[in-house]
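S.K.: predicted model and sequence follow; I will ask about them next.
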Amino acid sequence: MKPTTDRMLNRIKDVYMFIHDHGIVTTQDLVDEFGITPRTIQRDLNVLAFNDLVSSPCRGSWTTTNKRVKMTS
């Protein structure tokens with residue numbers, strides 16, 4: 001994999017784990033935590049939502065779904 005792809009996948013994994021550990025978070029919480037733009041966070045959330053790993057119970061808030069995930073290091 002390209003280094004940029006590997007970095008993106010690691011960031012998406014970190015975003016998922018942050019949401020999982022904190023329950024419900026806002027998009028702004030993620031921007032503040034990871035220090036990246038709201039647009040980048042939105043793209044990461046779109047990947048997670050497309051794979052049914054997160055959902056948005058109300059606009060701007062995110063939580064993990066009940067889908068089981070096997071995490072690797």
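M.R.: That came through fine. Numbering: from 1, shown residues only.
S.K.: CA atoms for contacts and neighbours, from now on please.
M.R.: Will do.
S.K.: so how many other residues sit close to the residue lying closest to Thr63 once chain neighbours are set aside?
M.R.: Taking C-alpha to C-alpha, 6 or more residues apart in numbering as the measure, Thr63 lies nearest to Ile24, with 4.7 Å between them; neighbours along the chain are not counted. Here the count is done by other C-alpha atoms under 10 Å, and Ile24 has 16 residues near it.
S.K.: how near is Ile24 to Asn10?
M.R.: According to C-alpha to C-alpha, to the nearest Å, Ile24 stands 21 Å off from Asn10.
S.K.: same question for Phe50.
M.R.: 17 Å.
S.K.: just to be sure, Asp52 is in a strand?
M.R.: No: secondary structure of Asp52, determined by DSSP: H, G, I helix; E, B strand; the rest coil: coil, with no strand assignment.
S.K.: related to what we said a few turns ago, need the contact list for the residue nearest to Thr63.
M.R.: If a contact means C-alpha atoms under 8 Å, 6 or more residues apart in numbering, then Ile24 has 61-64 as its contacts.
S.K.: what are the contacting residues of the lengthiest helix in the chain?
M.R.: When secondary structure is assigned using DSSP state H, the longest helix within the chain turns out to be helix 3-22. With C-alpha under 8 Å, 6+ apart as the test, helix 3-22 has contacts from 25, 30, 44-45, 48, 53-54, 62-64.
S.K.: for the record, mean pLDDT for that helix?
M.R.: Within the predicted structure, the mean pLDDT of helix 3-22 is 93.
S.K.: pull out the buried positions in it.
M.R.: The neighbour-count criterion (16 or more other C-alpha atoms under 10 Å) identifies 12-13, 15-16, 18-20 as the buried residues of helix 3-22.
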